[in-house]
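J.: Got a sequence here, can you model it:
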Amino acid sequence: MQNTGFYFYDWTYFLVIIGAVLTMIASARVKSTFNKFAKIRNRNQMTGAEAAERILRAKGLMDVQIIHIAGNLTDHYDPKNKTLALSDVTYDKDSIAAVSVAAHECGHAMQHEKKYVPLTLRSYLVPFANFGSKLGIPIIILGIILSYNMLLIEIGIWVFALAVLFQVVTLPVEFNASVRGIEELTGLGILHEEELKLGKKVLSAAALTYVAAAASSLMQLMRFVLLFGNRSRRN
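T.: You can find the predicted model right below:
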């Protein structure tokens, strides 16, 4: 039986460590930034739900339902049933952070209505990404256990690559949603000029979490390619 030790003890683990550190830093930053500006009420004293309602109605999106969802920053837009879910720290809170996050989610609703191509592609990739994130690495490990079955390992790498592709496609979707949200906060006068600067900081910090997630996934994929690419060519 071939030695499988190099998979578990090799320099490429630094790629995984770097990805993990980036993810932790981004997560800590978004939490600290949101918590900071969650303490500052916007001048119009408008809650996240009220801001979302105003933005959606201004854009003619009368069929999008705003709902309250439990959790902290679990906000999201569901294109399947056209619901905009706002979390406990967003729905009925009138902070600058709350209305900024609500506007961002409205940005996704606007993307859906305009058939924004990256959003459509991301929605299409969801089942493949879930499959890749759950089974990609287990398939690779199974291939290692079975005396380096390179066919299984390569299948695992390609399956995992689907999850990475989803992370990469997510980036323009999230950045564009923030741009759309900020434009509406500005145009509708929901936030004043000095408040907009703070709102942009909240959304910029949130965007970093997606960048870090994509970078981490890419590094993990790179690690697999470095580990098994040469072995595959030798076989």
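J.: Would you mind stating the distance between Leu61 and Cys106?
T.: For Leu61, the distance to Cys106 (C-beta to C-beta, to the nearest Å) stands at 8 Å. All C-beta atoms are positioned from the backbone trio N, CA, C, and that covers glycine.
J.: With Phe160 instead?
T.: 33 Å.
J.: So which of these two has more stuff around it?
T.: It is Cys106, of Phe160 and Cys106, that has more neighbours when counted by other C-beta atoms under 10 Å, with 28 against 24.
J.: where exactly do the helices run in this protein?
T.: 5-8, 13-37, 48-58, 96-113, 117-145, 150-187, 193-234 (DSSP state H).
J.: which one of the ones you listed lies closest to Asp78?
T.: Asp78 lies closest to helix 96-113 among the helices of the chain, at 9.1 Å (C-beta to C-beta).
J.: Using PDB, write out the CA atom coordinates for that closest one.
T.: Extracted C-alpha coordinates of helix 96-113, given in PDB (Å, rounded to 0.1, in the frame of the first residue of the first chain):
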ATOM      1  CA  ILE A  96     -27.500  53.000   9.900                       C
ATOM      2  CA  ALA A  97     -26.300  49.400   9.800                       C
ATOM      3  CA  ALA A  98     -29.800  48.100   9.700                       C
ATOM      4  CA  VAL A  99     -31.000  50.200   6.800                       C
ATOM      5  CA  SER A 100     -27.800  49.600   4.900                       C
ATOM      6  CA  VAL A 101     -28.100  45.800   5.100                       C
ATOM      7  CA  ALA A 102     -31.800  46.000   4.200                       C
ATOM      8  CA  ALA A 103     -30.900  48.100   1.100                       C
ATOM      9  CA  HIS A 104     -28.300  45.500   0.100                       C
ATOM     10  CA  GLU A 105     -31.000  42.800   0.200                       C
ATOM     11  CA  CYS A 106     -33.200  45.000  -1.900                       C
ATOM     12  CA  GLY A 107     -30.400  45.100  -4.400                       C
ATOM     13  CA  HIS A 108     -30.800  41.400  -4.800                       C
ATOM     14  CA  ALA A 109     -34.500  41.800  -5.500                       C
ATOM     15  CA  MET A 110     -33.700  44.400  -8.100                       C
ATOM     16  CA  GLN A 111     -31.200  42.100  -9.700                       C
ATOM     17  CA  HIS A 112     -33.800  39.300  -9.800                       C
ATOM     18  CA  GLU A 113     -36.300  41.700 -11.400                       C
END
